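Colleague: what follows is a predicted protein model with its sequence.
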Amino acid sequence: MHIRLLVSALLCLSLTYDVLGQQVLKFKILDKDTNQPLVGATASISPTIGDVADANGLVTLNLSNNLREVKVTFSFVGYMVESRTIKLPSVTSEPILIFLKMDEEEMEEVIVTTTRNSRSIEDIPTRIEFLGTEELEEKAVMRSDNIAMLLRESTGIQMQVTSPSSANQSIRIQGLDGRYTQLLEDGFPLFGGFSGGLSIMQIPPLDLKQVEVIKGSNSTLYGGGAIAGLVNLVSIQPEEKPRFKVMVDQTSAGGTTLNTFSARRNEKFGYSFFASGNRQNAYDPNSDNFSEIPDVRSLTLNPTLFYYPSSNSKLRLSLNGTFEGRLGGNLNAIDAERPNNTEYLQENTTRRLSYQVTYNSNWGDNNELVIKNSLLHFDRSINQFNYAFDGEQWSTFSEATYAFGDEMSSWVLGLNVYSDKFKEGELISSDRSYSQVTGGLFAQQVSKLSDRFSIESGFRLDKNNDYGWFALPRLSLFYKPNANFTYRLSGGLGYKTPTIFTEDTERFSFRGLNSFNLEDLDAERSYGGNFDINYRTAIGTDWTFSLNQLFFYTQLNDPLVLAENPADSFFFENANGPVSSRGIESNMKLTYKDFKFFLNYALIDTRLEYENLNDQKPLTAKHNIGAVLVYEEEGKWRLGLEAYYTSQQLRNDLTETDDFWIVGFMALRKFRKVSVYLNFENFTDTRQSRFEHINLGSSMTPELLDVWAPLEGIVVNGGVILELSR
């Protein structure tokens, strides 16, 4: 018994000595500007001694009693690292306050313009996906002649090939057809109606500063058409430091692209000039004598002039001209440049001419007047054997907005008028011409109720000359409980007026389409909402981690669907049930020093709930996964390895396709003024002809093919970028 008591006493003394032999340091880590606790911030003395701040920003470090001085390093993602030397034992038992300042270089403030409120992307209630300079440079290296690659690799966005002959692609956001996405350039709707047919394939990315994507019903912002979302392409503005950039790209598929961009300004005047030329030879990877990539010749010119009457005003005039011809089909017919009754050929000739004028005037602290006007002329002809289609579109857009308020409460009031006139050529006996005018009034308001909570509301009232009135409310909420978490909830209504220009009619080049009842149909209307959670933190001094989780739902009522007459002709009608799209998007980013790893997943459940159907929408994958690993050494190297998975899809006859992976690798080496790059796109040679037998060379109806996987397979491209600035 005495021995047991003695052992117990010795153990107690030992434990007491261990506790008394330690010193305790407490810190409270706060944001220097807001005094909010930085949950997940780290305090460390060495790689093995440190801890992470709790929900109150508190960190406790237990130190050996023999230490007389320690150097503690404090870090958090997006903030400047702070160090504090502390003499021991500490003279206070209260937590030592540590204030971290946001790193302006590491976390460059991103200002978005799509919501019409020029605010930082971190603080706005509306969820916006942002592609900045680095992402755009990388995608331009992968595909220099159009923005299809740039959009395709964003979570929840699918680029759907609508024509094997022209290789035209349509953008689908969250499973909804391309006509439900509004594509803007610097806030101008230049790619709607007839002019939307080949637009994705005719927009090079070199002169873009950023791309802003808003998903879900957003017709309140810019009017009808943004049911699935909107994409705003923001071009580069000139600065006093001149810019000059030339890019030459060559592909293994016989494509050559030359892009050039220059910009400069002084006190009163500025300019930017962009030119792009593309030459693509017909490419047939599966040797069926049919072009998986058509023969293309295109030229784009975009000069822009700027005038600065004062430090608070700006006048911008932008001109654009795009000229393109593409031949797709049987290779013999392409060589002969004319179709016949045994060799299919489709010839597309397009011309796009437009101007945009913007005047900005600021006075006072937060008052701004913006006036916009644009004019677009677009014509396109399609020629096939014993069939031809041609038409031209004139569209205008005029808008005036007035913004006022302060940081706590800001308003935007505006009105706009959009006209769209399509005139069909004389090659078709049935005239499907139309003329529509839509006028709208709108108001938007952002209230910052506290440092943690803000609300954005909007209301639009539109009047269309054929389809009447549309009232469009919208609401977005933003909550930031601490520096790690943000929550956004938004919802709104949308509409789309009937049009003959859809993915389905594009497939058969508008052949046999009747529009006799178009004005008698109901406009498509929608409602939907998004909820997302964003989390970010630092792990030690070298690691950062962020996660975004999005939940979405959209219901489209009175959807337009094609019905078939017995005589192989088609017409539109309103379906007797809705189309619904629901799902989730998950985006994870992990960084370690010069390495970045991205992982994303999208579940897209788009269902046709009419005519007793409840099936997944054809050619819409339910599951998509993307993984990208990037190594970037500033000013020297950029290496990227990426893999994308697409699950099974339903063909139009409701049979199921295979699933597949696409894997690519890119390497770019920067020198002082010159960069060289090599990109192996789809180096696993994943293509549809390897999953099923495809022989389009002898087909006179290739547009009936359901395209659910890449057709061109592996394509290697490389090039040189010359960039000069002073």
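Modeller: Alright, I've got the coordinates.

Colleague: now do the helices in the stretch 151-300 of the chain.
Modeller: If you assign secondary structure with DSSP state H, counting those that start in this stretch, the helices in the stretch 151-300 of the chain sit at 219-222.

Colleague: quick one: low-confidence parts of it?
Modeller: Low-confidence segments of the stretch 151-300 of the chain, defined by pLDDT under 70: none present.

Colleague: quick one: the strands in the stretch 251-400 of the chain, in order.
Modeller: For the stretch 251-400 of the chain, strands defined by DSSP state E, counting those that start in this stretch occupy the ranges 255-265, 269-280, 295-310, 313-329, 345-363, 367-384, 387-405.

Colleague: right, I mislabeled it, should have said the stretch 551-700 of the chain
Modeller: Assignment of strands within the stretch 551-700 of the chain using DSSP E, counting those that start in this stretch yields the ranges 560-564, 570-574, 579-592, 595-608, 615-616, 623-633, 637-646, 660-670, 674-681.

Colleague: can you name the residues bridging to the spatially closest residue to residue 624 that is not a sequence neighbour?
Modeller: Spatial nearest neighbour of residue 624, chain neighbours left out: residue 602 (4.4 Å); criterion: C-beta to C-beta, 6 or more residues apart in numbering. C-beta here means a position set from N, CA and C on the backbone, and glycine is covered the same way. Beta-bridge partners recorded for residue 602 (DSSP bridges): residue 585, residue 624.

Colleague: check the one 4 residues further on too.
Modeller: Here residue 606 shows beta-bridge partners residue 581, assigned using DSSP bridges.

Colleague: so it makes contact with residue 579?
Modeller: Yes: the pair formed by residue 606 and residue 579 meets the contact definition of C-beta atoms under 8 Å, at 7.0 Å.

Colleague: who touches both of those two?
Modeller: 176, 617 (C-beta atoms under 8 Å, 6 or more residues apart in numbering).

Colleague: contacts only, for the spatially most central residue of the chain.
Modeller: Among the residues of the chain, the one closest to the centroid is residue 213, at 4.4 Å (C-alpha atoms, centre = their mean). Neighbour list for residue 213: 128, 129, 130, 131, 154, 157, 173, 229, 230, 231, 232 [criterion: C-beta under 8 Å, 6+ apart].

Colleague: with neighbour count and distance to residue 40 added, can I get the residues you listed in CSV?
Modeller: Below are these laid out as CSV (neighbours: other C-beta atoms under 10 Å; distance: C-beta to C-beta, whole Å):
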residue, neighbour count, distance to residue 40
128, 17, 24
129, 20, 23
130, 15, 23
131, 23, 26
154, 23, 27
157, 24, 30
173, 28, 32
229, 26, 31
230, 24, 33
231, 27, 33
232, 23, 32
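
Colleague: so which of those residues are in strands?
Modeller: Counting by DSSP state E, these place 129, 130, 131, 157, 173, 229, 230, 231, 232 in strands.

Colleague: ranking the strands of the stretch 551-700 of the chain by mean pLDDT, which is last?
Modeller: If the strands of the stretch 551-700 of the chain are sorted by mean pLDDT, strand 615-616 sits at the bottom with a mean of 83.

Colleague: note down every partner strand of it and its orientation.
Modeller: Looking at strand 615-616 with DSSP bridges, its paired strands and their directions are strand 595-608 (antiparallel).

Colleague: contact partners of the partner strand?
Modeller: Contacts made with strand 595-608 from outside it, assessed by C-beta under 8 Å, 6+ apart, are listed as 155-156, 174-176, 575, 577, 579-591, 614-617, 620-632.

Colleague: tell me the spacing between the nearest residue to residue 554 once chain neighbours are set aside and residue 172.
Modeller: Excluding its sequence neighbours, the residue lying closest to residue 554 (C-beta to C-beta, 6+ apart) is residue 528, at 3.3 Å. For residue 528, the distance to residue 172 (C-beta to C-beta, to the nearest Å) stands at 15 Å.

Colleague: likewise for residue 136?
Modeller: Looking at residue 136 against residue 172, where the rule is C-beta to C-beta, the gap reads 21 Å.

Colleague: check residue 691 too.
Modeller: The span separating residue 691 from residue 172 equals 21 Å under the rule C-beta to C-beta.

Colleague: any stretches of the stretch 351-500 of the chain with poor pLDDT?
Modeller: Applying pLDDT under 70 to the predicted model, the residue ranges of the stretch 351-500 of the chain that meet it are 427-429.

Colleague: okay, now the domains of this structure?
Modeller: With domains defined by automatic domain parsing, the chain comprises 2-100, 111-160+167-725.

Colleague: most tightly surrounded among those domains?
Modeller: With neighbours taken as mean count of other C-beta atoms under 10 Å, these reach their highest mean count in domain 111-160+167-725, at a mean of 18.

Colleague: off-centre distance for that domain?
Modeller: Going by C-alpha atoms, centre = their mean, to the nearest Å, the spacing between the C-alpha centre of domain 111-160+167-725 and its chain's C-alpha centre is 7 Å.

Colleague: excluding its backbone neighbours, what's nearest residue 473?
Modeller: residue 459 (5.2 Å).

Colleague: that neighbour sits in which helix or strand?
Modeller: Remark: residue 459 resides in strand 453-464, with elements defined by DSSP states H and E.

Colleague: still on that earlier bit, nearest to residue 678 among the contacts of residue 213?
Modeller: Nearest to residue 678 among these is residue 131, at 22.4 Å by C-beta to C-beta.

Colleague: what bridges to the closest residue to that closest one other than its chain neighbours?
Modeller: On the basis of C-beta to C-beta, 6+ apart, the spatially nearest residue to residue 131 that is not a chain neighbour turns out to be residue 211, at 4.1 Å. Here residue 211 shows beta-bridge partners residue 131, residue 233, assigned using DSSP bridges.
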